[in-house]
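Chemist: Attaching a predicted model along with its sequence, questions to come.
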Amino acid sequence: MDKKYSVTLADGTELSNLTLNGNNFISTVPLYESTFRNNCSPVIISDGVMTETHENMELVQVVQQFPGEWWFILRDLSQEEIRRIKTQSDIEYIAMMAGIEL
């Protein structure tokens, strides 16, 4: 019997009854990129015994690999990526406040 996983996204959406193949989670319920957009900080992953909280993740891809199977990959953002995202956000905020178009 395959181990079953659950992934809980930031807004509380729980993707359950998932199997794992390498780093691909496999769902029999249709999944779309929009489900994950701005919804991966934090992500809780559980196998029913152990639970891990990932503070900053992003969706790599979600595809319908086979009929009735949607495969998706999440990855942790590095500290450098988080710094770059914050810096870009700060720049955009300052530009907005100063009335500058980027």
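Modeler: The structure has been received and is ready for your questions.

Chemist: count of residues packed around A10?
Modeler: Applying other C-beta atoms under 10 Å, we find 14 residues neighbouring A10. Quick note: C-beta positions are derived from backbone N, CA and C, even for glycine.

Chemist: er, I44 I mean
Modeler: Look at I44: counted by other C-beta under 10 Å, it has 15 neighbours.

Chemist: With W70 instead?
Modeler: 20.

Chemist: got it, and W71?
Modeler: When neighbours are defined as other C-beta under 10 Å, W71 has 19 of them.

Chemist: For it, give the beta-bridge partners.
Modeler: With DSSP bridges applied, W71 shows beta-bridge pairing to I26, V63.

Chemist: tell me the contacts of it?
Modeler: 21, 24-27, 61-65 (C-beta atoms under 8 Å, 6 or more residues apart in numbering).

Chemist: May I see the residues you listed arranged in a markdown table, with distance to I91 as well?
Modeler: Below are these laid out as a markdown table (distance: C-beta to C-beta, whole Å):
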| residue | distance to I91 |
| --- | --- |
| N21 | 40 |
| N24 | 35 |
| F25 | 34 |
| I26 | 39 |
| S27 | 37 |
| Q61 | 28 |
| V62 | 30 |
| V63 | 33 |
| Q64 | 37 |
| Q65 | 38 |
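
Chemist: For T51, state which of those residues is nearest.
Modeler: F25 (15.0 Å; C-beta to C-beta).

Chemist: Roughly how far does the nearest residue to the closest one once chain neighbours are set aside sit from V29?
Modeler: Computed as C-beta to C-beta, 6 or more residues apart in numbering, the closest residue to F25 that is not its neighbour in sequence is L18, at 4.6 Å. L18 sits 9 Å away from V29 when distances are taken as C-beta to C-beta, to the nearest Å.
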